[in-house]
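**Q** No sequence on hand, only this structure:
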């Protein structure tokens, strides 16, 4: 007989968060999902009277995160799986974006995830069990013009995830970076924030990316429902991966960039090694 798990998923109103919540509930596990409005919470709880529980939370409100996690553990017991899904895209050349936009991007995509991790870790450490999934994106491994600040926030989350996995592995806690490529979510549509001003000099680079995102939106190859099933398989795996790419397009893009980086590293290796003290010293 399977044991009921409690999943804490941030951002379940749409996209990956909603699809994952639906699949987890279908599998018979409990989902506590974070939402921004009372109407969203009511709609989410209508999905299942026993297994869908909504909580109002802004992931940039650190005291509220701790309070909500404490309430969830008091009401439902242990949080077995944390999924840091809440986040959004920010489009524009680096010079075009304001500092306020950049800070907000990190507050949601990086610091919100960090605060939630810190809130759930004490319970997971006591139980010597748990699994943390951080949705980082292929944009946490490679970069694109026009998405530099978004990429930076996801690169930061990738680094955090990899270090965290090493720290908590001896404690029985598992950590996986989920790295989706292009999927048919709202990320490139209504969830995307844009630069408020445009600079002509960047139209061939960042501007071209903006047009590509608009043209591809709604036709991305990735299926969020299938991605959700893959994430559940990761949680149920005996030996889950530390990172998992999702989608064929992301796999291709990351593979090509990593191969090019390795080739460049080798090409410049003589200069790299010249920075060391000679062996005789």
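**A** Looks like it arrived, so ask away. Given the structure is predicted, the values throughout are model-derived calculations rather than measurements.
**Q** now for the lowest-mean-pLDDT helix or strand in the chain, which elements pack on it?
**A** The helix or strand of the chain with the poorest confidence is helix 206-216; it has a mean of 90 (mean pLDDT, DSSP states H and E). Applying 3 or more C-beta pairs under 8 Å, 6 or more residues apart in numbering; DSSP states H and E, one finds that helix 206-216 makes contact with strand 90-91. In this view, the C-beta of every residue, glycine as well, is placed from N, C-alpha and C.
**Q** Helix or strand next in line after the strand it packs on, which one?
**A** Sequence order places helix 99-106 as the next helix or strand after strand 90-91, per DSSP states H and E.
**Q** Does anything pack onto that following helix? Which helices or strands?
**A** strand 90-91, helix 148-168.
**Q** 10 Å - rerun?
**A** If contacts are counted by 3 or more C-beta pairs under 10 Å, 6 or more residues apart in numbering; DSSP states H and E, helix 99-106 sits against strand 90-91, helix 148-168, strand 193-194.
**Q** I'd like to know which of the ones you listed lies nearest to residue 76.
**A** The minimum distance between residue 76 and the helices and strands packed on helix 99-106 falls on helix 148-168, with 21.7 Å, by C-beta to C-beta.
**Q** ok, back up a step: contacts made by the least confident helix or strand of the chain with the rest, please.
**A** 89, 91-97, 144-148, 182, 184, 187-189, 192, 194-195, 198-203, 220, 249 (C-beta atoms under 10 Å, 6 or more residues apart in numbering).
**Q** That helix vs helix 148-168, what angle?
**A** Angle, helix 206-216 to helix 148-168, by axes from the mean of the first three to the mean of the last three C-alpha atoms, to 10 degrees: 80 degrees.
**Q** quick one on the thing from earlier: most neighbours per residue, which of the helices and strands packed on helix 99-106?
**A** strand 90-91 (a mean of 24; mean count of other C-beta atoms under 10 Å).
**Q** Adjacent strands (with direction) for that strand?
**A** Strand 90-91 has its sheet partners listed here by DSSP bridges as strand 193-194 (parallel).
**Q** Need the phi and psi values for the residue nearest in space to the middle of the chain.
**A** Of all residues in the chain, the one closest to the mean position by C-alpha atoms, centre = their mean is residue 135, 1.9 Å from it. Backbone geometry at residue 135, expressed as degrees, to the nearest 10, gives phi -80, psi 110.
**Q** Use 186 as the first number from now on
**A** In the new numbering, first residue 186, that becomes residue 320.
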